[in-house]
Structures are given as structure tokens and as C-alpha cells.
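Trainee: okay, sequence plus prediction incoming.
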Amino acid sequence: MSEAAATSPVLPGPAVHLPTAAGDFTAIAWTDSRTGVEHLTLSAPGTSTEQSGTLGEGAPLVRLHSECLTGDVFGSFRCDCGEQLEQAMELVALYGGTIVYLRGQEGRGIGLANKLRAYALQEAGADTVEANEQLGLPVDARDYQAAAEILHQLGLHRIRLLTNNPAKRDWMRRYGVEVEAMVPSEVPVRAENERYLQTKRDRMDHHLTLLRTKPVRQS
Ligand SMILES: Nc1nc2c(ncn2[C@@H]2O[C@H](COP(=O)(O)OP(=O)(O)OP(=O)(O)O)[C@@H](O)[C@H]2O)c(=O)[nH]1
Ligand SMILES: [Zn+2]
């Protein structure tokens, strides 16, 4: 057992095989003994044989995916989460890396019921930031300590982070995970999530180009 594992409050279960539509992964559930929250990692070695000049080059790809029941499970187009997760699974299956699925981060940490309360306020005209403020809740209540502890236990001390959100990079650095690069996690904008994505770009500093078609990746 590594030093990080011996002292970490986030405890791993057994590694199991998880075959999916995107490819084959190794899955581990991690229990945060401080909160009882159970996170999940999906890791893959990558199947790509490309040598250089592609996403196959550099530190392992990592996606820190915040739970979004409506987007991830039910395919809601109000946000980009479901399609981002799908894209991350495909990239990790191809180029190798790990997805950390962060439970307890639903609605940027305010929970499912509050996220739907925020949606109701958005239907009355608020944007995603104003809606949380009107509810008296933080705009972003997420913390990434458990995520960083999981990465350290997996030996992922230096990573390429699949995200558009520079705050995630900053959190990783704060918790001692070196971020070699931010790799865009952008999916095409839809009429249903255009305002949401614009607000993330304009008010939350997300790196988004609001592209309308799939990005062309070197392969
Ligand atoms: N409070 C709130 N949360 C939302 C809303 N739409 C999506 N979410 C949640 O936001 C979280 C994802 O955060 P985002 O801001 O979309 O993106 P991010 O994770 O910070 O950045 P990326 O790594 O680029 O995806 C998920 O937990 C969603 O459930 C909303 O309108 N209000
Ligand atoms: Zn979502």
C-alpha cells in the first residue's frame, strides 16, 4: 500500500472490470470516511497506438466529473454534462487515463432539489449564477480534496485535466496535483443550453468557444 493510501480518509474498494459502450474500464468505488460519499473512478490504459502529436502524448488524461443526474443519466440538454461524460469516456478509452466521478457535487454542490429550484428561477429569467444567488446558495460549493486524494492514491500526481473550468485546475494545484495542461472538454452548443454555456463563459471564466459542431481532433 502506498503512503498516500495508508493515510488517506478516502478508502478504495476492489478494482473490477467494467465493459461499456465507450470501451473497457477498471472501476473502483471510493468511500470518503469523513462524509460517507461514494465516488467512482473509471480507468483505462488506452488503445491508441499513435506515437506523438496527438492527445496520446503527455501526462495521463483525467476528467473530474461532477455528478449531474439530469444530464448524465437522463440526457438532459439543459447542460453539457452528459455529452462531456460520454466524450471523456471515449477519450480515456482511446488515449488512457482516469475519470473521477464525483458524487456529492450535484448542482455544483447544492444538491439535486436545489438545482431544480435554480432551474425554476432560470425559467423565470435568472441566469445560472443569479439563480443560486437568489436561493441564498453559493454559486459553486464544490471542493476537490477527495478527488485529489483519490488521484494521489492512483499515483496520478501529474495529469492533463479534461475541463473548461480553470478553477478545477487551481483546486488540483492547491491539493498537490500538478496539472500539465487543461485539455478542452467542449461539446457542441445546443439551443437548449446556449444561455447556460454563455453564462459559464462570461461569468464563471470557463474556457468555451461555444462551437456548434464537434471539434476536429488529430487522430
Ligand atoms: N446550481 C446549478 N448547478 C448546475 C446547473 N446546471 C448544471 N449544474 C451542475 O453543474 C455541475 C457541472 O458544473 P459545470 O459548471 O457545468 O462545469 P464544470 O464541472 O465546472 O466544468 P467542466 O469540467 O468544464 O465540465 C454538475 O454538478 C451539474 O449538476 C445550474 O443551472 N445550476
Ligand atoms: Zn449537468
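Mentor: Received it, and whenever you're ready, just let me know what you need. Ligands and ions are numbered 1, 2, ... in the order given.

Trainee: and residue 168, how far from residue 15?
Mentor: 25 Å (Cβ to Cβ, to the nearest Å). Every C-beta, even on glycine, is put in place using the N, C-alpha and C of the backbone.

Trainee: more neighbours: those two, which one.
Mentor: For residue 168 versus residue 15, neighbours defined as other Cβ atoms under 10 Å are more numerous around residue 168 (23 against 12).

Trainee: residue ranges in the protein under the pLDDT threshold?
Mentor: By pLDDT under 70, the weakly predicted segments of the chain are 1-5, 51-53, 215-219.

Trainee: who are the neighbours of the lengthiest strand in the chain, in terms of helices and strands?
Mentor: Counting by DSSP state E, the longest strand found in the chain is strand 23-32. The contact analysis (3 or more Cβ pairs under 8 Å, 6 or more residues apart in numbering; DSSP states H and E) places strand 23-32 against strand 10-12, strand 16-20, strand 38-44, helix 81-95, helix 145-153.

Trainee: so how far is that strand off the chain centroid?
Mentor: Its chain's average C-alpha position is 14 Å from that of strand 23-32, according to Cα atoms, centre = their mean, to the nearest Å.

Trainee: buried residues in it?
Mentor: Under the neighbour-count criterion of 16 or more other Cβ atoms under 10 Å, strand 23-32 has 23, 25, 27-32 buried.

Trainee: near ligand 1, which residues of this structure?
Mentor: 66-68, 79, 81, 84, 105-108, 110, 115, 118, 128, 132, 163-165, 168, 185, 200, 206 (Cβ under 6 Å from any ligand atom).

Trainee: phi, psi for the spatially most central residue of the chain please.
Mentor: For the chain, the residue nearest the mean C-alpha position is residue 65 (2.0 Å; Cα atoms, centre = their mean). Backbone geometry at residue 65, expressed as degrees, to the nearest 10, gives phi -100, psi 120.

Trainee: hmm, it is touching residue 83, no?
Mentor: No - using Cβ atoms under 8 Å, residue 65 makes no contact with residue 83, being 11.7 Å away.

Trainee: what pairs with residue 160 across the strands?
Mentor: residue 61, residue 181 (DSSP bridges).

Trainee: give the contact list for it.
Mentor: Residue 160 is in contact with 58-62, 97, 179-183, counting by Cβ atoms under 8 Å, 6 or more residues apart in numbering.

Trainee: now the helices and strands packed on strand 23-32 in JSON lines, with mean neighbour count and distance to residue 101?
Mentor: Formatted as JSON lines, the helices and strands packed on strand 23-32 follow (neighbours: other Cβ atoms under 10 Å; distance: least, Cβ to Cβ, whole Å):
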{"stretch": "strand 10-12", "mean neighbour count": "18", "distance to residue 101": "13"}
{"stretch": "strand 16-20", "mean neighbour count": "11", "distance to residue 101": "12"}
{"stretch": "strand 38-44", "mean neighbour count": "21", "distance to residue 101": "4"}
{"stretch": "helix 81-95", "mean neighbour count": "21", "distance to residue 101": "8"}
{"stretch": "helix 145-153", "mean neighbour count": "23", "distance to residue 101": "10"}
